[in-house]
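Engineer: my questions concern the predicted model and sequence given below.
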Amino acid sequence: DLSDVAAVNAATANFQSGVVSSGSVRVLGATGTVTFQAAVNAASFTADAGATNYNLRFLGGAVVTGAASLSNGGTATLGDGADTFRVGSFSRSGGATQLFGDFQTTNGALNVGDTLTVAGQSSLRAGTGQITLNNLVLNSGVTLDLGTGGSGAINLESVGVASGAANTRLRVASTGTTTVSGAVTGLAALELNEGTAVFSGAVGTPTARIGSISRGSNAGTTTFSGNLYAGDFGGTGGVLNFFGPITDVTSAVLGTTSTVVLGDGGDVLNFAAGLTHTTGPTTINGTVTTTNSNIALGAVTVVGSASLSTGTGAGDIDLAAVSGGGSLSVLSGQGHTIFRSTISGLTNLTIQQAANVDFRNTVTLSGNLTQSTAPGTGTTTLRGGTIGGTVDLRAVAISLAAGTLTSIGTVSLTGSGSVALASGVNLDAGSSTVRVSAGAGGFTQSSASLISSGSSDATAAIQVLVNGGSATLGGLTASHASGRIVV
């Protein structure tokens, strides 16, 4: 047990047995490769920059109670298998580093300034200390556990894989905040198990998606500020923000009970094989699409101009309560659009294309309710509401199934097959006109329902046209002296 060990000006040095020092171990001015075949035990460890770029190899682990600082310009190899490193703090600069083992600081900072290549199953932990990595690279088949059991922050510049590497996995598990300022590429799996995570750069590319991204139940807020390309996205965790200009995820089943935010204005989010988040609220401020696959969301808040589209094939859009001050456009193609609860606070709601459209509760808008760009191919069912603008619905069949529908603007109901008002339904267009047009299925109005208009339109305040079918009328009231009813 020496008080100080120094390797000075060594061309090549090979320590085959363990090195034990109650003081420091130093490597100074080496010119070749210095190898520690067995464990190093010391109070501190220092390797200077030297005049040439010499290499360091630690093949038996290390226990350093104080600081370990490696400044050599060549490579530093930390382990070649099941090696264990315990140091007070760690600083690496000057050259590349390779890790294959379990490396942990005792709540001290862990800094690697150049490329860190992970050669085999490994872990990096720093307790309450901060982990800072410049360029993290995983070799084929490697899993790296990062920050497990700790609470310190993790700062990464970039994350990637070696050329041709496959089956790579990065697991982040510090309860602190993980920040990735640059790109993340090549990973087969990214697991966010603990703490807050912020990705400022691109994650994945259009030609090389991240295979899967998952979040554990203890994951905090996760934010993607750059473009995101991934295969599957799942798990639970806290708030999830998709803020990048492009989010392209093959399939997302999000189990979080916290808010999922889809866009922060003008963003495009594509979930080709479907999007599900029914366990918590969702905020939409962008364009959300699938490729003929379902969108199923719980309570939705619409901010700004938002749209949901499953394409022109068979993909349903299924939403719980919808609120917010923005406008929403919905396209479900040959699929159905279902609003399972109230719609309130929106400006405009536009159904671009759908089979059946089912409003299962009231609709309250400050602007327009529209289904006319591409007429529905099924039945559109309304159950009352208050519309601050116009109502213009076009489908095969239109059914006012319950409640009172009040509109400030013109009401136009066009059913190429039929239009029906159930018992107890009231349609009140205020001072605007009502236009009803039905096909061979006819117009059916319960005797216990009422259509009213206070329009002064002398042509027709209320007009009911039926082409090829019959008309069964209930109550029709044109309250203005100049208003007319035309059937």
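Structural biologist: Now that the structure is in, tell me what you want to look at.
Engineer: from here on, contacts and neighbour counts on C-alpha atoms
Structural biologist: Fine.
Engineer: can you list contacts of the helix or strand R435 falls within?
Structural biologist: Assigned by DSSP states H and E, R435 falls within strand 434-438. Contact with strand 434-438 is made by 410-419, 443, 453, 461-467, 469, as judged by Cα atoms under 8 Å, 6 or more residues apart in numbering.
Engineer: would you mind extracting the C-alpha trace of the host helix or strand of I351 into CSV?
Structural biologist: Taking DSSP H and E as the criterion, I351 maps to strand 349-353. Coordinates of each C-alpha in strand 349-353 appear next as CSV, following Å, rounded to 0.1, in the frame of the first residue of the first chain:
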residue,chain,number,x,y,z
LEU,A,349,-66.3,22.5,-36.3
THR,A,350,-65.9,21.1,-39.8
ILE,A,351,-66.6,17.5,-40.8
GLN,A,352,-64.7,17.1,-44.1
GLN,A,353,-65.6,13.5,-44.8
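Engineer: any idea how far stretch 344-363 is from the middle of the chain?
Structural biologist: Relative to its chain's centre, stretch 344-363 lies at 25 Å (Cα atoms, centre = their mean, to the nearest Å).
Engineer: pLDDT on that stretch, on average?
Structural biologist: Average pLDDT, stretch 344-363: 97.
Engineer: if we can go back for a sec, what packs against the strand holding I351?
Structural biologist: In this structure, strand 349-353 makes packing contacts with strand 327-331, strand 369-371, judged by 3 or more Cα pairs under 8 Å, 6 or more residues apart in numbering; DSSP states H and E.
Engineer: angle of the first one against strand 349-353?
Structural biologist: Strand 327-331 runs at 20 degrees relative to strand 349-353, counting by axes from the mean of the first three to the mean of the last three Cα atoms, to 10 degrees.
Engineer: what's the first-to-last distance across stretch 69-85?
Structural biologist: The first and last residues of stretch 69-85 sit 13 Å apart, counting by Cα to Cα, to the nearest Å.
Engineer: so what touches that stretch?
Structural biologist: In contact with stretch 69-85 (Cα under 8 Å, 6+ apart) are residues 45-50, 52-63, 90-104, 120.
Engineer: repeat the analysis, applying 6 Å as the threshold.
Structural biologist: 46-49, 53-63, 90-103 (Cα atoms under 6 Å, 6 or more residues apart in numbering).
Engineer: the helix or strand following the strand holding I351 pairs with which strands?
Structural biologist: Downstream of strand 349-353, the first helix or strand assigned by DSSP H and E is strand 357-359. Strands that pair with strand 357-359, judged by DSSP bridges, come out as strand 337-339 (parallel), strand 379-382 (parallel).
Engineer: list the contacts for the residue nearest to the spatial centre of the chain?
Structural biologist: The centroid of the chain falls nearest to F242 when counting by Cα atoms, centre = their mean (4.4 Å). Contact analysis of F242 by Cα under 6 Å, 6+ apart lists F224, V261, L262, G263.
Engineer: let's see that with 7 Å instead.
Structural biologist: Counting by Cα atoms under 7 Å, 6 or more residues apart in numbering, F242 touches T223, F224, S225, V261, L262, G263.
Engineer: got a list of contacts for the helix or strand where the fourth one lies?
Structural biologist: Which is V261. Assigned by DSSP H and E, V261 falls within strand 260-270. With Cα under 7 Å, 6+ apart as the test, strand 260-270 has contacts from 239-249, 281-290.
Engineer: selecting buried members of the residues you listed in PyMOL, what would you type?
Structural biologist: In PyMOL, a selection of the buried entries from the contacts of strand 260-270 looks like this (16 or more other Cα atoms under 10 Å):
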select buried, resi 239+240+241+242+243+244+245+246+247+248+249+281+282+283+284+285+286+287+288+289+290
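Engineer: looking at the strands paired with strand 357-359, which is closest to A30?
Structural biologist: Closest approach to A30 among those (Cα to Cα): strand 337-339, 71.7 Å.
Engineer: packing partners for the helix or strand just after the closest one?
Structural biologist: Under the assignment DSSP H and E, the closest C-terminal helix or strand after strand 337-339 is strand 343-346. Counting contacts by 3 or more Cα pairs under 7 Å, 6 or more residues apart in numbering; DSSP states H and E, strand 343-346 is packed against strand 322-323, strand 363-365.
Engineer: what lies in contact with strand 343-346?
Structural biologist: A321, V322, S323, G324, G325, G326, S327, T362, V363, T364, L365, S366.
Engineer: run through the bridge partners of the second one.
Structural biologist: Okay, so that is V322. V300, I343.
Engineer: do you know how far it is from T247?
Structural biologist: Taking Cα to Cα, one finds V322 at 23 Å from T247.
Engineer: P375 and S399, how far apart?
Structural biologist: P375 is 15 Å from S399, by Cα to Cα.
Engineer: quick one: the helices in the stretch 51-200 of the chain?
Structural biologist: Under the criterion DSSP state H, counting those that start in this stretch, the stretch 51-200 of the chain contains no helices.
Engineer: any stretches of it with poor pLDDT?
Structural biologist: Of all residues in the stretch 51-200 of the chain, none has pLDDT under 70.
Engineer: for stretch 263-277, the distance to its chain's centre please.
Structural biologist: 8 Å.
Engineer: I meant to write stretch 404-412 there.
Structural biologist: Worked out by Cα atoms, centre = their mean, stretch 404-412 lies 37 Å from the chain centre.
Engineer: give the buried subset of the contacts of stretch 69-85 as a PyMOL selection command.
Structural biologist: The PyMOL selection below is limited to those of those classed as buried (16+ other Cα under 10 Å):
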select buried, resi 46+47+48+49+53+54+55+56+57+58+59+60+61+62+63+90+91+92+93+94+95+96+97+98+99+100+101+102+103
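Engineer: just to be sure, which of the contacts of stretch 69-85 are found in strands?
Structural biologist: 46-47, 55-58, 62-63, 90-92, 97-103 (DSSP state E).
Engineer: G417 contacts A397, correct?
Structural biologist: Yes: the criterion here is Cα atoms under 7 Å, and G417 meets it with A397 at 5.4 Å.
Engineer: so which of these two has more stuff around it?
Structural biologist: A direct count of neighbours by other Cα atoms under 10 Å for G417 and A397 places A397 higher, at 26 against 22.
Engineer: so how far is D48 from that one?
Structural biologist: 82 Å.
Engineer: ok, now which ones touch the residue nearest to A208 when sequence neighbours are not counted?
Structural biologist: The shortest distance from A208 to any non-neighbouring residue, by Cα to Cα, 6 or more residues apart in numbering, is to G186 (6.3 Å). Contacts here follow Cα under 7 Å, 6+ apart; on that basis G186 touches G160, V161, G204, A208, I210.
Engineer: okay, those residues in a markdown table with neighbour count and distance to R340 next?
Structural biologist: What follows is the contacts of G186, written out as a markdown table (neighbours: other Cα atoms under 10 Å; distance: Cα to Cα, whole Å):
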| residue | neighbour count | distance to R340 |
| --- | --- | --- |
| G160 | 19 | 43 |
| V161 | 23 | 45 |
| G204 | 23 | 35 |
| A208 | 15 | 38 |
| I210 | 24 | 34 |
